[in-house]
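[1] no letters, just coordinates:
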DNA sequence: TATGAATGAGTCTTCATTCAT
DNA sequence: TATGAATGAAGACTCATTCAT
């Protein structure tokens, strides 16, 4: 009826990208559960129905968001490792991952872990217990608390992994033990 | 509008426990977001209103669930470490944690990580990249893939941790480097 | 989860009006507190969600109802006064208001006064007391009981008004005294 | 089990009074609709069940509250009129009522009028219209706005009254006309 | 492709009332 | 008389999804 803003057709890929960008903003602010299609379409400046032209459902949107996020970090890690000298590639890869994740920390947090507020804090009780054990095991340990935090998360990550791949149990248990001995050994 | 059946009064602590048990069952089956107060009260065999006699809200219930879960595993780890000989305490603690979490794997998964279905798998791409790097760095590495999985999760756990405690950045980066060198060193 | 019946789109203003009409009917029958969004939408022949497309909340609906009601009567009073000869305008305005309110008597009652059933009756005790005083003050008073009723309500209305506008206290007390003397004077 | 505070039996009349007092406090703070039996019993320091030993229902409580309130003011008006000299009794009664209501303004407001927030303000539009008419009708009118406010509320009060007693219609219309002429007459 | 009004099942939360003790 | 745990009906509000235009 009246003149609207350029409600013109856009190349599909761009629209999709606009929607993902908007979704990313929303998800960081309100969490995955707080995400509504209304927020997304408003943020992308399109009508609600348009969303369903590009994504089959809300779940599909979230999945796409995750995929894009992982890819972004992975590219960064690949580049960092490639640029490093051969002896330092592993740690470069790991640190690049850390940086990548921390750069969109909030996004990763919310996309891959958050199961509601307060779900991701490292439990102080566990860290305390473990630090003490490490200090006792190796009085010369450089930073028992830091080691404890790393170990704690390694342990949890492995547990998560084993949920999906129970067959890796043996190998990963062995690897964890190797890790303990390496970091907190005598 | 009043009571119909003979309402058998139970000690408050027991009712609360019944509700938590029921909630645990539901959460494992349908996830945190799929949790419904109706499901919980039905599972505990009480009326809906009774729930609000013991928990202020759905969120309070989830929080209580998390607390109870952490406590359970932590007790187990404490005992395992206490029973071990002094040289093996750290790895005993870690392995006990792994077992504890795997025993209520589904619960922990859903309570602390799940942000929807498919969110917790270790990304194959990342594992592949990292394994290769490790193998290249140390041709004698006993199990590059296992090491990669452990490292990957350690890295993520640390990233999560840093979200809440950014001040630990320096120490944890140093520790991660130490970890890389220990596990994948030359 | 989506729409079933052919959802016929209507101009927004008309939908809103339909909803107000339905709400008016419900409110007259069951009172403001008895008003249910379900009742309203059923009465307007729309789905529950449609209500929230036009009103932000139940309270917003009630407010809109009040506004529309006041406007309707006011228009009527304005017209009546305009049509009257100059000497009779005040009483025409007042009587038109009376008629207007009595025409949607139940609505006004429920919208502006009712605080539950039985709250609006003029207390017989008060009327009796005041009638007697009036009759004593002026044995020739034409209708002491009617005067009492009018005075009683004028007094209450002024009290209500002063709750919101305490500064008008002096003027309104003076006016009430003038009223007493005019109606029940010697 | 353990020693409680004197949970001893109290004379019924006193308990009832305690409950009414508590209810009055609550109702002033949260309105009639915001009143919950829990609030009342907590305020009176008794268990929830005790309430139903003294009042048959929430509605019965509200009714009792209204009754007590009216009686209190009425007693005050009776005394004021009795103390006044014969010529000033009517206005003394009216003014005593005004004072009485204003003293527990909030209570009366909430008990007899409030139908939600913003329901009791005198509509500025109406007052403005009426003031103008009065000023036009009688250029010497001492305070057209005050007269308008009084007239407006008298009119409404009469309308309310007629809802319950339609038979009084003739007499009250006549009385209102008399009132208009007396206050705003030429 | 794009729109956005309409849908309606789904959920949390409240609270008057009861009754075994 | 007094208690307070238990009940469960009721109701406001949300939001993913559809479809006529």
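    Thanks, I have it. Just so it is clear, the model here is predicted, and its values are computed rather than measured.
[2] pop the domain breakdown of chain A in here.
    Taking automatic domain parsing as the criterion, chain A consists of the domains A:12-111, A:124-184.
[3] the closest residue to residue A:141 other than its chain neighbours is in what secondary structure piece?
    Distances taken as Cβ to Cβ, 6 or more residues apart in numbering or on different chains put residue A:134 closest to residue A:141, at 5.4 Å, once the chain neighbours are dropped. No exception for glycine: its C-beta is placed from N, CA and C like everyone else's. Assigned by DSSP states H and E, residue A:134 belongs to helix A:124-137.
[4] secondary structure element for residue A:142, which one?
    Residue A:142 belongs to no helix or strand, assigned by DSSP H and E.
[5] list the contacts of it.
    With contact taken as Cβ atoms under 8 Å, 6 or more residues apart in numbering or on different chains, residue A:142 is in contact with residue B:178.
[6] roughly how far does it sit from DNA strand F?
    Using Cβ to the nearest atom of the strand, to the nearest Å, we find residue A:142 at a distance of 48 Å from DNA strand F.
[7] residue A:68 is in contact with residue A:21, isn't it?
    No - look at residue A:68 against residue A:21 with Cβ atoms under 8 Å: they stay out of range, at 9.8 Å.
[8] could you report the neighbour count for residue A:159?
    Residue A:159 has 23 neighbours, counted by other Cβ atoms under 10 Å in any protein chain shown.
[9] same check on residue A:15?
    Around residue A:15 there are 17 residues (other Cβ under 10 Å).
[10] equivalent analysis for residue A:60, please.
    12.
[11] just residue A:25 next, same as before
    By other Cβ under 10 Å, neighbour count at residue A:25 equals 15.
[12] also residue A:156?
    23.
[13] isn't it up against residue B:153?
    Yes - using Cβ under 8 Å, residue A:156 is in contact with residue B:153, at 7.0 Å.
[14] so for stretch A:176-186, mean pLDDT?
    On average, the pLDDT along stretch A:176-186 is 77.
[15] quick one: contacts of that stretch?
    So stretch A:176-186 is in contact with A:133-134, A:137-138, A:141, A:144, A:147, A:150-151, A:154-155, A:158, B:87, B:90-91, B:94-95, B:98, B:142, B:150, B:175, B:178-179, B:182-183, going by Cβ under 8 Å, 6+ apart.
[16] show me the shaky parts of chain A.
    Where chain A drops to pLDDT under 70, the residues are A:1-8, A:87, A:114-121, A:184-186.
[17] so for it, which residue is the most central one in space?
    residue A:108 (3.6 Å; Cα atoms, centre = their mean).
[18] and the helix or strand that contains that residue, does that touch chain B?
    Per DSSP H and E, residue A:108 falls inside helix A:105-108. Yes - for helix A:105-108, a contact with chain B is found by Cβ under 8 Å from any Cβ of the partner chain, at A:105, A:106, A:108.
[19] now flag whichever of those is closest to chain D.
    Using Cβ to the nearest Cβ, residue A:106 comes nearest to chain D of the residues of helix A:105-108 next to chain B, at 38.9 Å.
[20] in chain A, mark out all the helices, start to finish.
    Ranges of helices in chain A, per DSSP state H, are A:12-34, A:37-44, A:48-54, A:58-83, A:89-103, A:105-108, A:124-137, A:144-164, A:169-184.
[21] got CSV for the ones you listed, with distance to DNA strand F too?
    Listed next are the helices of chain A as CSV, based on distance: least, Cβ to the nearest atom of the strand, whole Å:
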stretch, distance to DNA strand F
helix A:12-34, 7
helix A:37-44, 4
helix A:48-54, 3
helix A:58-83, 4
helix A:89-103, 26
helix A:105-108, 18
helix A:124-137, 30
helix A:144-164, 25
helix A:169-184, 36
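[22] which one of these lies nearest to DNA strand E?
    helix A:48-54 (1.8 Å; Cβ to the nearest atom of the strand).
[23] hmm, who's touching that closest one?
    By Cβ under 8 Å, 6+ apart, the residues outside helix A:48-54 that reach it are A:12, A:15, A:16, A:19, A:37, A:38, A:40, A:41, A:61.
[24] quick check: buried residues in it?
    Of the residues in helix A:48-54, A:50, A:51, A:54 count as buried by neighbour count, 16 or more other Cβ atoms under 10 Å in any protein chain shown.
[25] check stretch A:19-29 too.
    In stretch A:19-29, the ones that count as buried by 16+ other Cβ under 10 Å are A:19, A:20, A:22, A:23, A:24, A:26, A:27, A:28.
[26] nearest residue to the first one in space, please, no chain neighbours.
    With Cβ to Cβ, 6+ apart as the criterion, residue A:19 has its nearest non-adjacent residue at 4.9 Å, and that residue is residue A:44.
[27] so what's the one you found up against?
    A:15, A:18, A:19, A:21, A:22.
[28] of the residues you listed, which ones also sit close to DNA strand E?
    For DNA strand E, the contacts drawn from the contacts of residue A:44 by Cβ under 7 Å from any atom of the strand are residue A:15.
[29] and which of the contacts of residue A:44 is nearest to residue D:112?
    Nearest to residue D:112 among the contacts of residue A:44 is residue A:22, at 51.8 Å by Cβ to Cβ.
[30] what about the residue lying closest to that closest one once chain neighbours are set aside, how many neighbours?
    The shortest distance from residue A:22 to any non-neighbouring residue, by Cβ to Cβ, 6+ apart, is to residue A:43 (3.2 Å). Neighbour count for residue A:43, taken as other Cβ under 10 Å: 16.
[31] just residue A:154 next, same as before
    If you count neighbours by other Cβ under 10 Å, residue A:154 ends up with 29.
[32] fine, thanks again, bye for now.
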